[in-house]
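Undergrad: Attaching a predicted model along with its sequence, questions to come.
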Amino acid sequence: MEDEVGARLKAVRQQHKLSQREMARRAGVTNATISLIESGRLNPSVGVLKRVLDGIPMGLADFFAMEIDNPPKLFFAANDLVEIASGAISYRQVGRDLGPRAVQIMAERYAPGGDTGRVALSHEGEEGGIVLSGRLEITAGDQVRVLGPGEAYYFDSRIPHRFRNVGRTDCEVISACTPPSF
């Protein structure tokens, strides 16, 4: 709850284009009080919160009823990755909404024999990745290379390309593509 009050207070302050110092001055509290509330380290009493909001001015009902934008998600647990392809090839994407993002990051898994297909892929942008385990054959244009753990690739995605696991175990890759292409 403290985090919610803090996030709401910060959103209100920013909507009114106030610094923490100016909000504190208007409310008659210390700058540290505003900072501690916003960071979720201080759960203000109703009286203190009302006093802070009177400096805007805003009532408690409006404060708790207002919609606030959620800040963009910065950290992702393993089960937060979004499966966008599964089967012989698995693509697990970091983040659900790529609309505002310039880069797509994925954890890829290629089962033995897993292949992106005989028809080469080609799209705008650039992509790169690092093989974590297994062996991945990459064809990019007229170049073919088998990469192992610790080896990497990076190329213009307009070059026709194909990925294929040529090993006997799963191949794990962390990749990035810009702009997002899936």
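TA: Sure, I can see it. Numbers count the residues shown, from 1 in each chain.
Undergrad: which residue ranges form the helices in this structure?
TA: Counting by DSSP state H, the chain has these helices, from start to end: 2-15, 20-27, 31-38, 46-54, 60-65.
Undergrad: which residues does the residue located most distally from the centre of the chain contact?
TA: Farthest-out residue of the chain from its mean C-alpha position, per Cα atoms, centre = their mean: G28, at 38.1 Å. For G28, the contacting residues are 51, 55, by Cβ atoms under 8 Å, 6 or more residues apart in numbering. Where you see a C-beta, it was placed from the backbone N, CA and C, and this is true even at glycine.
Undergrad: Just the terminal-to-terminal distance for stretch 116-133.
TA: 18 Å (Cα to Cα, to the nearest Å).
Undergrad: so how far is it off the chain centroid?
TA: Its chain's C-alpha centre and that of stretch 116-133 lie 21 Å apart, by Cα atoms, centre = their mean, to the nearest Å.
Undergrad: Make a markdown table from the helices of the chain and add mean neighbour count to it.
TA: As requested, the helices of the chain are arranged in a markdown table below (neighbours: other Cβ atoms under 10 Å):
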| stretch | mean neighbour count |
| --- | --- |
| helix 2-15 | 17 |
| helix 20-27 | 17 |
| helix 31-38 | 18 |
| helix 46-54 | 15 |
| helix 60-65 | 12 |
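Undergrad: how many other residues sit next to the closest residue to F163 other than its chain neighbours?
TA: In space, not counting the residues next to it along the chain, F163 is nearest to T116; the distance is 4.8 Å by Cβ to Cβ, 6 or more residues apart in numbering. The criterion is other Cβ atoms under 10 Å. On that basis, T116 has 17 neighbouring residues.
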